[in-house]
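> starting from these lines, generate the structure:
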Amino acid sequence: MPIDKHLAALYIRHEMFIKKTTKHVKGKTYVNHLLVESIATKKGPRHRVICSLGSLEPAPREEWLALAHKMELALSGQQSFLRDEQVEEIVARVRGEQPASPGVGEDLSAGSAQAGKSELVSVYADQVEVEEAREAGPVHVGHQMWRKLGLDGILAEVGLSGRARVLTEVMTLNRLVFPRSEHAMPDWIRRTALSDLLGTSWAALSDDALYLNLDRLHPERAKIERALAERERTLFNLDDSIFLYDLTSTYFEGECLLNPQAKRGYSRDKRPDCKQVLVGLVLNGDGFPKAHEVFEGNRQDRATVEEMLLVLEGRTGKKGGALVVVDRGMAFAENLVQIRGRGYHYLVASRQGERMEHGEEFEDEAGWEEVIRRPSPRNPGQKKTRVTIKRKVVGEEVFVLCRSEGREEKDRAIRERQEKRLLADLSKLSRRVKKGRLRGVEKVHEAIGRLKERYPRVARYYRVSYDPAGPAVSFEEDAERKETARRLDGSYLLKTSCRELSAEQIWKIYIMLTRVESAFRAMKSPLAERPIFHHLKHRVQTHIFLCILAYHLLVSIEKMFLETGIHTSWETLREELSTHQVVTVALPASNGEILKIRKGTRPESRHKEIYEILRISGEIMKPVKSWEKGVIGTERNRNPLKSQEPW
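A predicted model of the protein is given here:
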């Protein structure tokens, strides 16, 4: 029998409602009122009769909604402070009879059927337990962002199987949420709600499967990075007119004898005792990764520029036209020729020697303009500083002289610290030569050269000489050059081949390089890129690639918050989301069985805010119900997922 409009409204608002039915038999009309429940079946939503309320209306029609709601609450075990005899009578009738068999009281809607075991049972409230609580919020956000970026489709396009794609996702989410080695990763996966999110059991997952997945992923890295960069460009409407390039080091645990890229070199991690590799990273002006490469640990920064430009062109599919920004470690003349030779403009911080050539202009007080450096949204703890700048055109290049009040103190501290160490090492060298522990003109000059290379900032204003007759090493201060250096504390020189830019534009673009530094900080913590425990070259490179993938997720999340004017970090969001969980509620019933309901906890207000900004659902999973025999607290298989495919 079709439901009238009033009953349809009841059906939408409540799972349980009152329904009037009529039946004509041999010219007589029989009226019945039914308490009906809406259930889900394989064929779609159906109605199930709870009980018959008789031929008389249980209440005026306008009160049926409230009455159905009272009965629903009473049948679920909730008690009211005010007794309602009518409700108590109906509840007693329901609990004392079985579901109606087909007949006069049966729902006649199309396809009506029993949906299996009735869940209208008595529950022992004092024995209800909550089991298998799993952290869900952070992995839920990571999974949804993975889907927004279309990474599963990208991995499928490069030929990875469904199994490899799922493993790649969980390995990337591990780096994003709680970084662990491949050996420890399976246990972490089983402690999260990833089984519920992905519909996969991880009971049989081993670290060998993860190592093998690194091997499968390695040859596809460039294709994935290229497709992902293009996807982000269209998704976030990114501008690729500026490329920011910098390097960092990341060190190993162990000797890494099987990895030819593992070398000892200048360590940004302050671990010169460990072998390392260098990671080159190119970001666009919005801070999104465009390309990365792994270099030998002892490679000079300047020796990576041309190779990185080739890698960048392979990822973006285009050559030239953009502005490439690099720091002074890659500001040598040959580097600028390489950049211009491939059709790009350059913007660099000039080296110290070139800055000294403009010493008089730095001291000239005419022509300066003031700009204020405000804290970066990605680094809200940064202080506001005042910078004065001056523009100067020399031939085909534009120079911008910069003086920063915040940088002056930092430069002075670095210079004084290096000077102290240089003088200590020179004194040590002098004693070694005097005592005959270091002999030979060539060896002594090599030692002096190494000290000048180690302390380039301050070695230039000390004159060091060697007298073989002594033998003796002596040194004296060049007071004039030292005073010039002191006056230049807090100043730096920018240089670009793009003559259309103003002084302020040049300065603002250059300080974007801090975004690469921020990316490196994020990759090392919280994504825990270092230390590396792998020893094979291709697995080291894939480990770093997974960190890059995790950073894509991180920067996308933070970008969506920045678009709403909220400056927050993934570390903060991760901590706030950790309290959103998936749990199993075990309800012991009077029939001797246990009803298990696996579902996510209700999102708290902060969770809802985060999900709304990221435009993702707060529902982590659809509830899963199952019945079990046994006693609360006994050991049994509590995972509603039945798949036990070995990984």
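
> measure how buried R437 is and give me the count.
9 (other CB atoms under 10 Å). Quick note: C-beta positions are derived from backbone N, CA and C, even for glycine.

> am I right that it is in a strand?
No: R437: not assigned to a strand; according to DSSP: H, G, I helix; E, B strand; the rest coil it is coil.

> surely E307 and E296 touch.
No: the criterion here is CB atoms under 8 Å, and E307 misses it with E296 at 11.3 Å.

> who has more neighbours out of those two?
The neighbour comparison of E307 against E296 (other CB under 10 Å) goes to E296, with 17 against 14.

> for the more buried one, give its distance to Q276.
9 Å (CB to CB, to the nearest Å).

> need the residues touching each of these two.
By CB atoms under 8 Å, 6 or more residues apart in numbering, E296 and Q276 have these common neighbours: 263, 265.

> tell me where the stretch 501-647 of the chain has strands.
581-588, 593-600, 624-629 (DSSP state E, counting those that start in this stretch).

> cool, the stretch 151-300 of the chain as well?
Using DSSP E, counting those that start in this stretch, strands in the stretch 151-300 of the chain cover 242-251, 276-284, 289-296.

> can you redo those strands as JSON lines with distance to H534 and mean pLDDT?
Below are the strands of the stretch 151-300 of the chain laid out as JSON lines (distance: least, CB to CB, whole Å; pLDDT from 0 to 100):
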{"stretch": "strand 242-251", "distance to H534": "11", "mean pLDDT": "96"}
{"stretch": "strand 276-284", "distance to H534": "11", "mean pLDDT": "96"}
{"stretch": "strand 289-296", "distance to H534": "12", "mean pLDDT": "97"}
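
> now the stretch 101-250 of the chain, which segments are flagged as low pLDDT?
101-121 (pLDDT under 70).

> now the helices for it?
Applying DSSP state H, counting those that start in this stretch to the stretch 101-250 of the chain gives helices spanning 137-148, 151-157, 162-177, 185-190, 194-198, 207-217, 221-235.

> before we move on, back to that, as JSON lines, the strands of the stretch 151-300 of the chain with distance to L553 would be great.
As requested, the strands of the stretch 151-300 of the chain are exported to JSON lines (distance: least, CB to CB, whole Å):
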{"stretch": "strand 242-251", "distance to L553": "19"}
{"stretch": "strand 276-284", "distance to L553": "15"}
{"stretch": "strand 289-296", "distance to L553": "11"}
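
> contacts for the stretch of helix or strand E483 belongs to?
Applying DSSP states H and E as the criterion places E483 in helix 479-487. By CB under 8 Å, 6+ apart, the residues outside helix 479-487 that reach it are 356, 359, 362-363, 412, 415, 458, 460-461.

> apply 7 Å and report the result again.
356, 359, 363, 415, 460-461 (CB atoms under 7 Å, 6 or more residues apart in numbering).

> which positions in it come out as buried?
The neighbour-count check on helix 479-487 (16 or more other CB atoms under 10 Å) flags 481-482, 484-485 as buried.

> can you name the next helix or strand after it?
Next along from helix 479-487, by DSSP H and E: strand 491-496.

> does anything pack onto that following strand? Which helices or strands?
Here strand 491-496 touches strand 345-349, helix 352-356, strand 397-404, helix 503-510, going by 3 or more CB pairs under 7 Å, 6 or more residues apart in numbering; DSSP states H and E.

> try it again at 6 Å.
Using 3 or more CB pairs under 6 Å, 6 or more residues apart in numbering; DSSP states H and E, the elements in contact with strand 491-496 are strand 345-349, strand 397-404, helix 503-510.

> right, and those - which one's nearest R147?
Comparing these by their distance to R147 (CB to CB), the top pick is helix 503-510, with 33.7 Å.

> in this structure, which strand is the longest?
strand 28-41 (DSSP state E).

> mind listing what E135 touches?
Residues near E135 by CB atoms under 6 Å, 6 or more residues apart in numbering: 192, 578, 581.

> let me see the domain layout of this structure.
Here the domain parsing of the chain from automatic domain parsing is 5-115, 121-233+542-647.

> sorry, back to before: could I get the strands of the stretch 501-647 of the chain as JSON lines with mean pLDDT and distance to K608?
Formatted as JSON lines, the strands of the stretch 501-647 of the chain follow (pLDDT from 0 to 100; distance: least, CB to CB, whole Å):
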{"stretch": "strand 581-588", "mean pLDDT": "95", "distance to K608": "15"}
{"stretch": "strand 593-600", "mean pLDDT": "93", "distance to K608": "13"}
{"stretch": "strand 624-629", "mean pLDDT": "89", "distance to K608": "23"}
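
> M560: which of these is closest?
strand 593-600 (21.7 Å).

> paired strands for that closest one, with orientation please.
Strand 593-600 sits in its sheet next to strand 581-588 (antiparallel), strand 624-629 (antiparallel), going by DSSP bridges.

> mind checking which of these is nearest S267?
The nearest among the strands paired with strand 593-600, by CB to CB, is strand 581-588 at 40.3 Å.

> just the CA atoms of the closest one, as PDB, please.
Extracted in PDB, the C-alpha atoms of strand 581-588 (Å, rounded to 0.1, in the frame of the first residue of the first chain):
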ATOM      1  CA  GLN A 581      38.700   7.200  16.300                       C
ATOM      2  CA  VAL A 582      37.000   4.100  15.100                       C
ATOM      3  CA  VAL A 583      35.700   1.600  17.700                       C
ATOM      4  CA  THR A 584      33.700  -1.600  18.100                       C
ATOM      5  CA  VAL A 585      30.800  -1.400  20.500                       C
ATOM      6  CA  ALA A 586      29.900  -4.900  21.900                       C
ATOM      7  CA  LEU A 587      26.300  -5.200  23.100                       C
ATOM      8  CA  PRO A 588      25.600  -8.500  25.000                       C
END
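
> and the angle from it to helix 137-148?
120 degrees (axes from the mean of the first three to the mean of the last three CA atoms, to 10 degrees).

> other residues contacting strand 581-588?
123-124, 127-136, 193, 196, 594-598, 600-601, 620, 632, 638.

> buried subset of those residues, written for ChimeraX?
Buried members of the contacts of strand 581-588 can be picked out in ChimeraX with the line below, counting by 16+ other CB under 10 Å:
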select :123,132,134,135,136,193,196,594,595,596,598,600,601,620
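
> pull out the buried residues from stretch 232-251.
Buried-residue list, stretch 232-251, by 16+ other CB under 10 Å: 232-233, 236, 238, 240, 242-251.

> closest to H567 among the residues you listed?
For the buried residues of stretch 232-251, the nearest to H567 is F236 (17.2 Å; CB to CB).

> so which of the helices of the stretch 101-250 of the chain is nearest R271?
Of all those, helix 162-177 comes closest under CB to CB, at 20.7 Å.

> circling back: same list (the helices of the stretch 101-250 of the chain) but as CSV, adding distance to M560.
Shown next, in CSV, are the helices of the stretch 101-250 of the chain (distance: least, CB to CB, whole Å):
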stretch, distance to M560
helix 137-148, 9
helix 151-157, 16
helix 162-177, 15
helix 185-190, 26
helix 194-198, 20
helix 207-217, 27
helix 221-235, 10
